[in-house]
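Asks: Sequence and predicted model, in that order:
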Amino acid sequence: MALSVTDLLIGKLVTILGNEGTTIAGVRDEVDKIKEEFLSMKAFLKDAEANKPKTQGEQLLVARIRDLAHDVEDIIDEFLYYMYEKQTGGRLSRGLHKTIRAPSNLWFRRNIAKKLKKITEMIRAIQEMNQRQETRTKGWLMDEEPQQTVISVAGMGGSGKTTLAAKTFNNERVQRHFNCYAWITVSETYVPADLFRSLIKELHKSTKDDIPPDLNAMNRTDLRDILVNYLGSKRYLIVLDDVWNIEVWKEVRVALHDKGVGSRILLTTRKEDIASSFGVKSHVHHIQPLKEYEAWELFSKRAFSSNIDNKACPSELESVAWELVEKCEGLPLAVVALGGVMSSKKSPDEWHRVLKSLNWHLNNNSLLGPVKTLFLLSYNDLPSQLKHCFLYCSLLPEDYLIQRKRLIKLWIAEGFVEHANGVTPEEVAGGYLLDLCFRSMLQVVRRNGSGRPKQVKMHDLMRELALSISEKEKFGLVYDGRQVMKEITTRRLSIHTTSNVGEIKSGPGMSKIRSLLIFATDDMSSLSFSNALLSRFKLLRTLDLEDVQIDKLPDAVVYLLNLRYLNLRGCSLITQLPESIGRLRNLQFLNIRDTRIESLPQGITKLLNLRHLIMHRSAGNSLVFKFSSGTKAPSNICQLLNLQCLITIESEGDTIRLTGNLTQLTTLGISKLKETDESDLWVSINKLTPSSRVNGKLQKVVPWFSSLHSLTLLQLHWSMLEDDVLPHIEALPNLTKLNLNNAYVGEELCFRRGFVKLVSLQLKNFGSLKKITIEKGAMPNLRDIWIVSCMELKAVPLGLENLSNLQTLTLRIVPTEIINPIRKGERIQRARMRRAPVHLRRLFDVDF
């Protein structure tokens, strides 16, 4: 929108200035300057319009350019109107071909020139603000200096350090400049071995290499050696976000050897002494607070987002609004948080009450004091149920990426989610999460295909506030090994290390604990700790042991009769559940994904309140035949009528037919499908409205595929169908993800029409596929394409230019005849790729 407005204005300015018979005395120079400034902005606006601004800073910048364009147009039109009136005596129709002379009213002429000059200065300020920081940082990253260099971005919490670093790190040119790259968030209490593990994983992901197995079992020395060998002589970019201690650099540096190839380390920190203490070649960039007008515009965008009048502040609120903005002292996070609070306040009285409730104390020149007070205001403005949900997030480790589904289940199990007629608790909790994100109490890190938050995190300052409230109100407590745990009176305990955990003293308060969360990668194969601890928690509702390395479910668990939530995901040493699991009659959520449990005990069928049962296992990687396997279940598993999610169950006996009794299911995963299951599968699916995961081998296209109108995800693996499945599923109205792994033995796939909601397409292991065609109108919302291990493919997909929303194309393990011509710039292939959407951000294995 801003681009089109600016284009129209540039056209008007060029017309005015290009009229040889026109003289605009006193203002012509300013009009000409504005024209040049807007012309220089077109490249930025074109890119922003194509990529849809994602950060608040980008959205604010585009909005400001649009508003300034409108202001300039108003001033020019005002000037022309005045001139035409003066020259024609009111006959405006003659004005265009007449010579325009300066108006006799000198004041008017000077006023117009003054307005234009002010806008010219603002335009230049915007450009400088947008380009200065990013250009400077990119320059340090991509200069010709071969020596390893550290670039520090320093500023207080909430000042925008991470935003700047992320914008630079995610830049396509920056990533192409390096052979591999990784982003690591460093908590205040870090474990060196965990840093190495994270670096290894992220670096392998950046190059699409398989992550080495058994990382969790390796010690620090082994991990360091893997990292050193992998980096070798590669040019790498490492981002260390939120560094609190110079020791982090000393720990990591031993694995980041300087090979003289231009490697870079970019870190963010709120501590000035860290930013300049590396002992190697380094640069420091200091984040400055927002200027007054920048803070005002950011605040207005949040506080007046519901105003149809261009998100402008009502005149009756302007005075008090400015006072509130000034209290934020230019801290972006504070501005956004306060704007979120005020967005629900309409009357001047409400605004003044908020202003009077702010207890701003700036003793000792402390900046954190007012920010904490502001965050407390944001917290106090939350409805009671959202306060509990918000405080719960603080129990997770610092900078922890919180999965939406996991968080929602914890909230439900805790009893935080209100009952609503006609709406599932999961939907209500999803609304809570959106509300917290909208209020900027949680930050969205990643969204799913439908735009919903998939991963969120809590800002450090927000978490600090929440932890202090949690401890004060006995809501929850975090044990990180630094304190002596005497008498516990809290309701929730989050353990972030098992070191010295024996110091947690037993007492009457233990029986009051309702939630136990363990986030520790320490060796916990000894069950003395877990059994001793769990036996004290008689009324426990939630037990989260994700990725904890225990080899057996503690015996005490089956006596936790109040338990609603049990998460054993990633407990890769556990091989079975006890038969006595059936004692947990109140259990609603059970996750045994990526354990070694291959079959469920008969006792599982006694869990009549179970709503979510997640039990698939990864085996190898996505390029092998059986990359995901299900779990065997008792034949009467289908008597658990409250199940909403069942993934992934092995097809055996009458299992497929009986799943039709589970009428509450919304997600169903089935493995080891056989051709003989076809009719039973059809009957069962017709009784449900699932988002199905179909893993198995079908020898022919089932005719009823086209009737699965509720299907959102379809995965066919190793089906090797002789008939093309696409015509049978192209009309599915809700299909958003399609994963085909060796699902078709033909030589051509043609997407002729349909797939109206598809956003993700994966094509893997097609042994005979030579040609992929995408016709105009097909897959209008497609964003991501993966083409992997298709060695007979002769060219990149035809018709990429028809995909207006495409963002990512991944080509991996395809013939070099496809890759090399594109890398070398061969005209036909290059032209075909250039016709792809301008916002196609990454083309893996194809480097322009």
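Replies: On my side now, so go ahead.

Asks: What are the buried residues along the host helix or strand of Asn739?
Replies: When elements are assigned from DSSP states H and E, Asn739 belongs to strand 737-741. Buried residues in strand 737-741, counted by 16 or more other Cβ atoms under 10 Å: Lys737, Leu738, Asn739, Leu740, Asn741. Every residue, glycine included, has its C-beta placed from N, CA and C.

Asks: tell me the contacts of the residue nearest to Glu748 when sequence neighbours are not counted?
Replies: Spatially, and ignoring its direct neighbours in sequence, Glu748 is nearest to Lys771 (4.5 Å; Cβ to Cβ, 6 or more residues apart in numbering). Applying Cβ atoms under 8 Å, 6 or more residues apart in numbering to Lys771 gives the contacts Glu747, Glu748, Leu749, Leu793, Lys794, Ala795, Leu798.

Asks: quick check, nearest of those to Leu267?
Replies: Leu793 (41.3 Å; Cβ to Cβ).

Asks: what kind of secondary structure is the closest one in?
Replies: At Leu793 the chain is in coil, as set by DSSP: H, G, I helix; E, B strand; the rest coil.

Asks: I figured it hits Ile818, correct?
Replies: Yes - assessed by Cβ atoms under 8 Å, Leu793 is found in contact with Ile818 at 6.4 Å.

Asks: more neighbours, these two?
Replies: Leu793 (21 against 18; other Cβ atoms under 10 Å).

Asks: Would you write a ChimeraX line that selects the buried entries of the contacts of Lys771?
Replies: Buried members of those, defined by 16+ other Cβ under 10 Å, are picked up in ChimeraX with:
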select :749,793,795
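
Asks: Need the contacts of Lys771 in a markdown table (columns: distance to Arg302).
Replies: Compiled in a markdown table, the contacts of Lys771 are given as follows (distance: Cβ to Cβ, whole Å):
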| residue | distance to Arg302 |
| --- | --- |
| Glu747 | 54 |
| Glu748 | 51 |
| Leu749 | 46 |
| Leu793 | 48 |
| Lys794 | 52 |
| Ala795 | 48 |
| Leu798 | 45 |
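
Asks: Lys672 contacts Ser651, doesn't it?
Replies: Yes - at 4.9 Å, Lys672 counts as touching Ser651 under the criterion of Cβ under 8 Å.

Asks: Which one's more surrounded, these two?
Replies: Ser651 (21 against 18).

Asks: if we can go back for a sec, hmm, who's touching the strand holding Asn739?
Replies: Here strand 737-741 makes contact (Cβ under 8 Å, 6+ apart) with 449, 622, 627, 712-718, 725, 729, 755, 758-766.

Asks: which ones among these are found in strands?
Replies: Under the assignment DSSP state E, those contribute Leu713, Leu714, Gln715, Leu716, His717, Ser760, Leu761, Gln762, Leu763, Lys764 to strands.

Asks: Tell me how far the fourth one lies from Arg617.
Replies: What it means is Leu716. Remark: distance between Leu716 and Arg617 (Cβ to Cβ, to the nearest Å) = 19 Å.

Asks: Between those two, which has more neighbouring residues?
Replies: Ranked by neighbour count (other Cβ under 10 Å), Leu716 and Arg617 place Leu716 first, with 24 against 19.

Asks: what's the closest non-adjacent residue to Ile647?
Replies: Nearest residue to Ile647 in three dimensions, chain neighbours excluded: Gly669, at 3.1 Å (Cβ to Cβ, 6+ apart).

Asks: next one: Leu640
Replies: Nearest non-adjacent residue to Leu640, counting by Cβ to Cβ, 6+ apart: Leu610, 5.2 Å away.

Asks: Am I right that that neighbour is in contact with Leu643?
Replies: Yes - using Cβ under 8 Å, Leu610 makes contact with Leu643 at a distance of 6.2 Å.

Asks: rewinding a little: tell me what the following helix or strand past the strand holding Asn739 is packed against?
Replies: The C-terminal neighbour of strand 737-741 among helices and strands, as given by DSSP H and E, is strand 748-751. Under the contact definition 3 or more Cβ pairs under 8 Å, 6 or more residues apart in numbering; DSSP states H and E, strand 748-751 sits against helix 726-729, strand 771-774.

Asks: Can you list the strands that strand 748-751 pairs with?
Replies: Sheet pairing here is set by DSSP bridges, and for strand 748-751 it gives strand 771-774 (parallel).

Asks: Show residues contacting the next helix-or-strand element following the strand it pairs with.
Replies: Following strand 771-774 in sequence order, the next helix or strand is strand 784-788 (DSSP H and E). With contact meaning Cβ under 8 Å, 6+ apart, strand 784-788 is reached by 622-623, 759-765, 772, 793, 797, 806-814.

Asks: what's the angle from strand 784-788 to strand 737-741?
Replies: Strand 784-788 and strand 737-741 are oriented at 0 degrees to each other (axes from the mean of the first three to the mean of the last three Cα atoms, to 10 degrees).

Asks: begin at 34 from here
Replies: With 34 as the first residue, the last one maps to strand 817-821.

Asks: partners of the helix or strand just after strand 817-821 in the sheet?
Replies: Using DSSP H and E, the helix or strand that follows strand 817-821 in sequence is strand 841-845. Paired strands of strand 841-845, with direction, are strand 817-821 (parallel), strand 875-877 (parallel) (DSSP bridges).

Asks: where among the ones you listed is the average confidence lowest?
Replies: When the strands paired with strand 841-845 are compared on average pLDDT, strand 875-877 comes out lowest at a mean of 36.

Asks: can the buried residues of strand 770-774 go into TSV with extra columns for pLDDT and distance to Lys487?
Replies: As requested, those are exported to TSV (pLDDT from 0 to 100; distance: Cβ to Cβ, whole Å):
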residue	pLDDT	distance to Lys487
Lys770	89	13
Leu771	91	19
Asn772	87	17
Leu773	88	23
Asn774	85	23
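
Asks: if we take those, which one ends up nearest to Asp414?
Replies: Taking Cβ to Cβ as the measure, Asp414 lies nearest Lys770 of the buried residues of strand 770-774, at 37.4 Å.
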